[in-house]
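*Asks:* below are the sequence and a predicted model; questions follow.
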Amino acid sequence: MSSTQPLANKDSYLAIRGLQKEYTAGNPILKGIDFDITEPGIVAIIGPSGTGKSTLLRCINRLIDPTAGEIRFDDQDLSQAKGQQLRALRCKIGMVFQEYNLVERLTVIENVLTGRLGYMSAWQAWRRNFSQQDINTAFELLNSVGLAEHANKRADSLSGGQRQRVGIARAVMQNPRILLADEPTSSLDPKTAVEIMELLELFSSEKDIPALVNIHDVKLARRFAKRMIGMSEGVIVYDGPPEGITDDHLKQIYGGESWLV
Ligand SMILES: Nc1ncnc2c1ncn2[C@@H]1O[C@H](COP(=O)(O)OP(=O)(O)OP(=O)(O)O)[C@@H](O)[C@H]1O
């Protein structure tokens, strides 16, 4: 794709053009990324370690600043947003992390409720002054992720799979327009990994939003993704349906072939 293509219309969930990121000058990690997200469902981003998958998601939610390019989200250029505008846009981006990023000393329900903090005034947030509606929604979400009976336990008493369920509930609590998940299954056993992907699929479908998921497990990606983006050395080398990915694509993405059995 070319960075001269027009940005998608305002019905697009996300439109990225010419996205570049250098951590050190002259050493680009993302070398001009272009894609549109126009439908709900899981989009799996695959590629070898160090190719820039996390950097891409971190640019999208502005945990880091892109070096160049445009990130069109909610009809605004997220790459240039600052201050209140950036905070408001970030509220609409739910983020799920590999290591969960929960507040360990808080209870499970308190962790889910932190998904609303971005919508509250500083005073309300400081007082943890959540509305009854938010509290009800948090309990409903905990029920949906199968953790209703754990609501009042401390987050650090849960297993990895349970923590990731809390992480997903917290992200959905934001009422996001998109979900970003950075290797959400990498620290989990295979069965739990499937359950986590099922939850991402469920919320993506229920809330009618896309979920961009960085994932190392190609088989798992193929099972759940509607679309796969293959990255290699900071560029996109495959963008299409899971059934379109061939061994040749995988060789191009990961290099070599001895691992392809
Ligand atoms: N904060 C940073 N400062 C400098 N370099 C960084 C920083 N974060 C990442 N990098 C470098 O950018 C490159 C891409 O890293 P990134 O984490 O985006 O890759 P990845 O594809 O997500 O890898 P993995 O699958 O192992 O998580 C790597 O070479 C990494 O060392």
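*Replies:* Sure, I can see it.
*Asks:* near the ligand, which residues of the stretch 1-150 of the chain?
*Replies:* Counting by CB under 6 Å from any ligand atom, the positions of the stretch 1-150 of the chain adjacent to the ligand are Tyr23, Ile29, Gly47, Ser49, Gly50, Thr51, Gly52, Lys53, Ser54, Thr55. Any C-beta I mention is one placed from the backbone N, CA and C, and that applies to glycine too.
*Asks:* which helix or strand contains the residue nearest the centre of the chain?
*Replies:* Nearest residue to the geometric centre of the chain (CA atoms, centre = their mean): Leu180, 0.9 Å. In the assignment (DSSP states H and E), Leu180 maps to strand 178-182.
*Asks:* show me what that strand is packed against.
*Replies:* Judged by 3 or more CB pairs under 8 Å, 6 or more residues apart in numbering; DSSP states H and E, strand 178-182 is in contact with helix 53-60, strand 93-96, helix 190-207, strand 210-214.
*Asks:* give me the mean pLDDT for that strand.
*Replies:* Mean per-residue pLDDT for strand 178-182: 98.
*Asks:* what are the contacting residues of that strand?
*Replies:* Strand 178-182 is touched from outside by 13-14, 37, 53-54, 57-58, 60-61, 73, 92-98, 171-172, 200, 203-204, 209-214, with contacts defined as CB atoms under 8 Å, 6 or more residues apart in numbering.
*Asks:* how about 6 Å then?
*Replies:* Residues outside strand 178-182 that contact it (CB atoms under 6 Å, 6 or more residues apart in numbering) are 13, 54, 57, 61, 93-98, 171, 209-214.
*Asks:* picking that back up, could you identify the most distant pair in the residues of the stretch 1-150 of the chain next to the ligand?
*Replies:* Greatest spatial distance in these: Tyr23 and Gly47, 17.4 Å, computed using CB to CB.
*Asks:* so for the two, which residue has more residues nearby?
*Replies:* Each of Tyr23 and Gly47 has its neighbours counted (other CB atoms under 10 Å); Gly47 has more, 24 against 10.
*Asks:* so for the more buried one, what's the pLDDT?
*Replies:* As predicted, Gly47 sits at a pLDDT of 96.
*Asks:* just how off-centre is the lowest-mean-pLDDT helix or strand in the chain within its chain?
*Replies:* Using mean pLDDT, DSSP states H and E, the weakest-scoring helix or strand in the chain turns out to be helix 122-126, at a mean of 80. Remark: helix 122-126 is offset 26 Å from the chain centroid, using CA atoms, centre = their mean, to the nearest Å.
*Asks:* now the helices: where do they sit in this structure?
*Replies:* Remark: helices assigned in the chain by DSSP state H are 53-60, 83-91, 108-113, 122-126, 132-144, 160-173, 190-207, 218-224, 247-254.
*Asks:* how many neighbours does Ser131 have?
*Replies:* 12.
*Asks:* so who does the closest residue to Ser205 other than its chain neighbours touch?
*Replies:* Distance criterion CB to CB, 6 or more residues apart in numbering; nearest residue to Ser205, sequence neighbours excluded, is Pro40 at 6.6 Å. Under the criterion of CB under 6 Å, 6+ apart, the contact list for Pro40 reads Ser204, Asp208, Ile209, Pro210.
*Asks:* how about low-confidence regions in this protein?
*Replies:* Residues of the chain that meet the criterion pLDDT under 70 lie in 1-11, 257-261.
*Asks:* Gly118 against Leu89, yeah?
*Replies:* No: using CB atoms under 6 Å, Gly118 makes no contact with Leu89, being 9.9 Å away.
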